[in-house]
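>>> for reference, the sequence and a predicted model appear below.
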Amino acid sequence: MIKTNFLHNNRSNLIAGIFDYNISSKKTIRENIENNFFDEIIKSVEFYSDEIVALFTCLRFEIYIYSNNKNKNQLKKIQNIFSENKFKILFGEKDIINYLTKLCSGRLSEIVGELQIKTQVINAFESQLEKRAKLRKIFQTALVDADSFRNVENFYNDENYATIAFKIINDLISTKLKGLLIVGAGMMSKEFARTCDYHKEKINKIFIAELDKKKSKNLKNSLKIKNVEIINTQQINNILRKVDVIFAAAGGKYKIYKHSDPLLIIDITCPPMFTIEDCPKTKIITMYDKDYKEKINQVNNIFKLKFKKANENT
């Protein structure tokens, strides 16, 4: 159990629970989702909360709470639930804003300085903050402070999970790709498509599989590569022999049976989308695997070195 000093900031009605997968859980994200761990935690603390907002991304699960604490034990009960489930606990406006500022500026990201975290935070909270005045103020302040930090320190890293995916592809496949399938048309798929354009000489054809037809068309139109075909997600098995690589950044589950050709699947979905059976030449790499971690470490070292040199020259 993580020890916390509850009394040092007991006057505050703000509390946050931060679940860190690196230190808090031996279970995978897939296991926690399938076991309804996140839902159960939210239900447990919601009873004692006046305002509650949950942030859930691929690598983090966080709950922010305002409680008027009319019953003096409310905050203590929330703290106990967080502690029992090995959450890091933050108390008070100052500490929570400082944490959120670091989060939104990319300082706490696995890929240090990456730009997508701000969009993820905004998207996650936008629908939840409408009637939560106390928490809305906290997040708005943190977003402004995060932007200020990035601008002053030039803390921008163009790398992300999509660009790293293509680095892995280049490492594992030296020949031109006969076909590449992008599953999904959200933020990371757009980033991956942009990366594909930078390497268009390596790709013969792109397939896009997405349930939302409008999103599929928008993604296709954004590509400089012209040999692009939109397919239904149910057609994935039908085009497997036409592709060397699948990049997955969408929800749901998909199982590939008895595919005998070489196939590389880069799956950054949370939890991972693809599973395989009797596919001896298929390799799946998720964002939680060693291949990804090694590339992330390389990217981070380069970024930190550039940032250090930039500061030395100012």
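Here it is on my side, so go on.
>>> phi, psi of Phe247?
phi -110, psi 120 (degrees, to the nearest 10).
>>> actually, Glu62.
Phi and psi for Glu62, reported as degrees, to the nearest 10, are phi -140, psi 140.
>>> repeat for the one 5 residues further on
Taking degrees, to the nearest 10, you get phi -130, psi 130 for the backbone angles of Ser67.
>>> number of nearby residues for it?
21 (other C-beta atoms under 10 Å). The C-beta positions use only the backbone N, C-alpha and C, and glycine is treated the same way.
>>> where does pLDDT dip in the chain?
Along the chain, segments meeting pLDDT under 70 span 1-11, 20-34, 70-71, 313-314.
>>> so what's the gap between the lengthiest helix in it and the chain middle?
Ordering each helix of the chain by length in residues (DSSP state H) puts helix 290-312 first. From the chain centre to the centre of helix 290-312 is a distance of 19 Å (C-alpha atoms, centre = their mean, to the nearest Å).
>>> flag every buried residue along that helix.
Judged by neighbour count using 16 or more other C-beta atoms under 10 Å, the buried positions of helix 290-312 are 291-292, 295-296, 299-300, 303, 307.
>>> all helices of the stretch 151-300 of the chain, in order?
161-172, 187-198, 213-222, 290-312 (DSSP state H, counting those that start in this stretch).
>>> can you redo the ones you listed as CSV with distance to Ile52?
Shown next, in CSV, are the helices of the stretch 151-300 of the chain (distance: least, C-beta to C-beta, whole Å):
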stretch, distance to Ile52
helix 161-172, 28
helix 187-198, 25
helix 213-222, 30
helix 290-312, 32
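>>> out of those, which gets nearest to Phe56?
Among the helices of the stretch 151-300 of the chain, the nearest to Phe56 by C-beta to C-beta is helix 187-198 (15.0 Å).
>>> quick one: residues in contact with the closest one.
Contact with helix 187-198 is made by 116, 119-120, 160-163, 165-166, 180, 182-183, 203, 206, 210, 219, 222-225, 247, 249-250, 268, as judged by C-beta atoms under 8 Å, 6 or more residues apart in numbering.
>>> tilt between that helix and helix 161-172?
Between the axes of helix 187-198 and helix 161-172, defined by axes from the mean of the first three to the mean of the last three C-alpha atoms, to 10 degrees, the angle is 50 degrees.
>>> buried stuff in helix 187-198?
Using 16+ other C-beta under 10 Å as the test for burial, helix 187-198 gives 188-193, 195-196.
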